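A structural model of the following input is requested.
(chains A and B)
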There are 2 protein chains.
Amino acid sequence: MLGAIEAGGTKFLLAVGPSPDRLTAQTRIPTRDPATTLAEAADWFAAQGALKALGIGSFGPLELDPASPRRGFITNTPKPGWGDCDIAGFFRARLGVPVSIDTDVNAAALAEYASARTQGCRSLAYLTIGTGIGGGLVLDGQPVHGIAHPEMGHIFPRRHSEDRDFSGLCPHHGDCLEGLASGPAIKARWGASLSELADDHPGHGIIADYIAQACHTLFATLAVERVVVGGGVAKTPGLLARIAARTEALAAGYLPGGARHRVVAPAHGDSAGITGAAMLAALAEPALWPEWRESETRPALARCNQDTGKS
Amino acid sequence: MLGAIEAGGTKFLLAVGPSPDRLTAQTRIPTRDPATTLAEAADWFAAQGALKALGIGSFGPLELDPASPRRGFITNTPKPGWGDCDIAGFFRARLGVPVSIDTDVNAAALAEYASARTQGCRSLAYLTIGTGIGGGLVLDGQPVHGIAHPEMGHIFPRRHSEDRDFSGLCPHHGDCLEGLASGPAIKARWGASLSELADDHPGHGIIADYIAQACHTLFATLAVERVVVGGGVAKTPGLLARIAARTEALAAGYLPGGARHRVVAPAHGDSAGITGAAMLAALAEPALWPEWRESETRPALARCNQDTGKS
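Predicted structure coming up:
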């Protein structure tokens, strides 16, 4: 049996099941201080029976460097009490199983990738637009971390011509993507969520433009095949179509991936995070998910015409 | 012996040698129509003795999808005569060796990555700022293609407050990064190259800002450890330091990679492209470069505390 945690700033989602696509028990607990929250989570897992592995998709920032003695720690989060919290080590010690951890958004990206690859997709970014904005990235079956992990909400979109006055809510950057297009930034400007605004309210086009700029940036810098746009704001009726249309307009027909680049809704809906966390658990143990390992062999370099005969 | 081609819009650089770091003969030929240019290149290689493999770093756009029957083709380039040119297939047929192809910028990124990894770096982007602007990306030893290949010059930086009037030179996007910060865009505004402008000319700060926005975007979306900034414009004295300082200012201390993110000059100078092309040749044949293959095993997921004992 696998265990999975989607560790969020306001709640922890916990699940167990025989495989990532069959989570047979699930619960949620409110996020309080680490000692209380983690102990309650561990007690719930202990009551579910023996686990083989645990996967965690967590809020961050996280230390993910395999060479660091602090890998698996939540690091300098402003969330009171959670700074320098060894979340992975806690569960390893309490449950006595291998623990695999990644960002919440990389976990969600992994779940979405697993669905998309059944249609041949090999590169995917997951953007979540909610209280904050974050993104995860999976290329050829591998979540991307770089030297730490992406913080895609903190790129700087161009300001929309009808949105010049708002200074943005990000405490670090003011009007970065998160500062402009997160749920709280929408409320701060228009006093309501995007779903509550009239269909012809300019807010729809403004927010779609900012998110489209992020999608275009991902297509241009990475050539990912798909950008999955999830999170509460993304549920606004009509928004995804606006984002897709605006993203296509920004590319102006130029990118070599052309129409193969797509902006899509999450295949897993709101369960991408917990499903992805269970996948992290499955991937921690090679014996648990052999078919993934077989299909996700390292991609070949773009070799051409490897036979040496004349054509 | 390996062969290497850096295929550019104005010239082809050709080289051979026993390994990528020892290119013992090199020449350059002007780029004319494909038939003339490719035949001259093939004749030069034929005169150098028997090759084991050929690597090509080429201008694009390229078809790099391993599943496409047209992989290794230059596709819809505006360059007269070069559209739908099977550059890889031509050399395979003429030279009878395996041919490996990637974008010119991915080849350069590969060479820079090979140097950087001796210092522990596992993720790197290469930006070239010259007649055009392009970028390549290597993560854990693997050039990144996505569904096609990146076109990093076509992201949209925010307009600098002292550069509001110039509409940009990109025929597709107007004022995208390439439209604003390429060599021709600099000349169009100020009638000179950046190196020719006085030290206190505002052009230095404006161009540094645009390139810094691209660096910040790469750090935030990918968390790459290094961005290598090459190309003719990047040789402007003082520019790299300005870019690095502005990039750091944009992050505002927020990114989890922190000071580990670095903007650097190319370790290979102007030879990154041809060296990387030779690396593509070496990688085409597993027997040719076994030490790379051993060190570049697929990275582990960010697993923590894999032993299951209590700590």
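
rest of the way, CA atoms for contacts and neighbours
Fine.

Now for the spatially most central residue of chain A: which residues touch it?
Nearest residue to the geometric centre of chain A (CA atoms, centre = their mean): A:Val105, 1.8 Å. Counting by CA atoms under 8 Å, 6 or more residues apart in numbering or on different chains, A:Val105 touches A:57, A:126-128, A:134-136, A:273.

do A:Pro256 as well
For A:Pro256, the contacting residues are B:61-62, B:148-149, by CA under 8 Å, 6+ apart.

Can you pull the residues of the stretch 101-250 of chain A lying near chain B?
Within the stretch 101-250 of chain A, the positions adjacent to chain B are A:101-102, A:122-123, A:135, A:139, A:142-159, A:172-173, A:213, A:216-225, A:250 by CA under 8 Å from any CA of the partner chain.

out of the residues you listed, which are inside helices?
Among these, DSSP state H puts A:213, A:216-222, A:250 in helices.

Redo those residues as a markdown table? Include distance to B:Ala35.
Formatted as a markdown table, these follow (distance: CA to CA, whole Å):
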| residue | distance to B:Ala35 |
| --- | --- |
| A:Gln213 | 40 |
| A:His216 | 36 |
| A:Thr217 | 36 |
| A:Leu218 | 36 |
| A:Phe219 | 33 |
| A:Ala220 | 31 |
| A:Thr221 | 32 |
| A:Leu222 | 32 |
| A:Leu250 | 36 |
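
Among those residues, which one has the most neighbours?
Ranked by neighbour count (other CA atoms under 10 Å in any protein chain shown), those have A:Phe219 at the top, with 34 neighbours.

Kindly confirm whether my reading is correct that that residue touches B:His149.
No - counting by CA atoms under 8 Å, A:Phe219 does not reach B:His149; the two are 9.0 Å apart.

if we can go back for a sec, would you mind checking the residues of the stretch 101-250 of chain A next to chain B for buried ones?
By neighbour count, with 16 or more other CA atoms under 10 Å in any protein chain shown, these hold A:101-102, A:122-123, A:135, A:139, A:142-159, A:173, A:213, A:216-225, A:250 as buried.

Listing request: residues of the stretch 101-250 of chain A with sub-threshold pLDDT.
Scanning the stretch 101-250 of chain A for pLDDT under 70 picks out nothing.

how about the helices in the stretch 51-200 of chain A?
Ranges of helices in the stretch 51-200 of chain A, per DSSP state H, counting those that start in this stretch, are A:87-95, A:104-116, A:177-181, A:183-190.

And the last one, what does it pack against?
With contacts taken as 3 or more CA pairs under 8 Å, 6 or more residues apart in numbering or on different chains; DSSP states H and E, helix A:183-190 sits against helix A:177-181.

Run the chain-centre distance for the helix it packs on.
Helix A:177-181 sits 17 Å away from the centroid of its parent chain (CA atoms, centre = their mean, to the nearest Å).

right, and A:Ala4 touches A:Ala282 too?
No - counting by CA under 8 Å, A:Ala4 sits too far from A:Ala282 to count as a contact (9.7 Å).

out of those two, which sits in the busier spot?
Remark: of A:Ala4 and A:Ala282, A:Ala4 carries more neighbours, 32 against 27, as counted by other CA under 10 Å.

Look up how far A:Phe12 lies from that one.
Noted for A:Ala4: a distance of 10 Å to A:Phe12, by CA to CA, to the nearest Å.

Tell me, domain by domain, which residues of chain A belong where.
Under the assignment automatic domain parsing, the domains of chain A span A:2-103+A:269-304, A:108-264.

quick one, which of those domains is packed in tightest?
Among those, the stretch with the highest mean neighbour count (mean count of other CA atoms under 10 Å in any protein chain shown) is domain A:108-264, at a mean of 21.

coming back round to it: rebuild the domains of chain A as CSV, extending it with distance to B:Leu194.
Output for the domains of chain A, formatted as CSV (distance: least, CA to CA, whole Å):
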stretch, distance to B:Leu194
domain A:2-103+A:269-304, 36
domain A:108-264, 25
